[in-house]
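>>> build me a model from this:
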Amino acid sequence: MNKSFSVALKYGLFITTSLIAYFLILRLFDLHQNPWLRLLNGVFMAAGIYYAIKYYKLSVNKDFTYVDGFKTGLITGFVATILFTAFMAVYLFHLDPEFSKKLLSDWFSNYEEGTGILIFIILIEGLASTVILTLTFMQIFKKSHNNLQNP
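This is a model prediction of the structure:
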């Protein structure tokens with residue numbers, strides 16, 4: 001298996017586990033309906049993508065390229081997003097359908113949308129944040145081609 005993919009899979013699973021654990025902890029304290037607490041999901045995603053790219057760069061040393069780092073970040077975030085979306089789909093459709101009805105009545109009171117819109121929103125949020133975070137972190141990790149100037 002390719003080194004980039006194995007690193008991305010490892011960190012993607014770590015992010016997924018963190019997101020699921022965080023959601024279940026919020027659910028335990030009945031705070032899962034507060035949309036502002038979802039902001040911490042971005043912190044988990046950012047930390048996971050950052051450390052995935054960093055670990056990959058350290059493991060391949062001089063062979064690190066922008067494309068490989070970018071690919072590692074994208075795959076990490078996509079794996080985490082798809083797995084977390086699958087978890088939320090099972091949760092919303094089978095484990096707690098009343099939760100989705102509560103969210104839909106509060107957020108989409110003027111629209112006739114079903115639970116599928118919530119799954120779609122989770123998926124799009126995760127994929128968009130993955131691309132943005134990966135582009136941002138690659139500015140830190142890329143090799144600079146600027147010449148050093150002597151003062």
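
>>> residue contacts, Lys3?
Applying Cβ atoms under 8 Å, 6 or more residues apart in numbering, one finds that Lys3 lies in contact with Tyr56, Ser59, Val60. (Each C-beta comes from the backbone N, C-alpha and C, glycine too.)

>>> ok, and the most crowded of these?
Tyr56 (23 neighbours; other Cβ atoms under 10 Å).

>>> so how far is Val79 from that one?
The gap separating Tyr56 from Val79 is 14 Å, by Cβ to Cβ, to the nearest Å.

>>> picking that back up, including secondary structure, pLDDT and distance to Ala21, could the contacts of Lys3 go into CSV?
Listed next are the contacts of Lys3 as CSV, based on DSSP: H, G, I helix; E, B strand; the rest coil; pLDDT from 0 to 100; distance: Cβ to Cβ, whole Å:
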residue, secondary structure, pLDDT, distance to Ala21
Tyr56, helix, 92, 24
Ser59, helix, 89, 26
Val60, helix, 88, 30
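
>>> tell me which residue is most central in the chain.
Centroid-nearest residue in the chain, with Cα atoms, centre = their mean: Met45, separated by 4.0 Å.

>>> roughly how far does that one sit from Lys143?
For Met45, the distance to Lys143 equals 25 Å [Cβ to Cβ].

>>> poorly predicted segments of this structure, please.
The chain contains residues with pLDDT under 70 at 1, 35, 103-115, 144-151.

>>> show me the helices in it, by range?
3-28, 39-60, 66-90, 97-107, 116-141 (DSSP state H).

>>> which one of those is the most hemmed in?
Mean neighbour count (mean count of other Cβ atoms under 10 Å) peaks for helix 66-90 among these, with a mean of 20.

>>> starting at the chain centroid, how far to it?
What separates the centre of helix 66-90 from the centre of its chain is 6 Å, taken as Cα atoms, centre = their mean, to the nearest Å.

>>> next, the angle from that helix to helix 39-60.
Put simply, helix 66-90 runs at 140 degrees to helix 39-60, going by axes from the mean of the first three to the mean of the last three Cα atoms, to 10 degrees.

>>> OK, contacts around the residue nearest to the centre of the chain?
Contacts of Met45 (Cβ under 8 Å, 6+ apart): Ile15, Leu19, Gly77, Ala80, Gly126, Ser129, Thr130, Leu133.

>>> His32: which of these is nearest?
Nearest to His32 among the contacts of Met45: Leu19, at 12.3 Å, using Cβ to Cβ.
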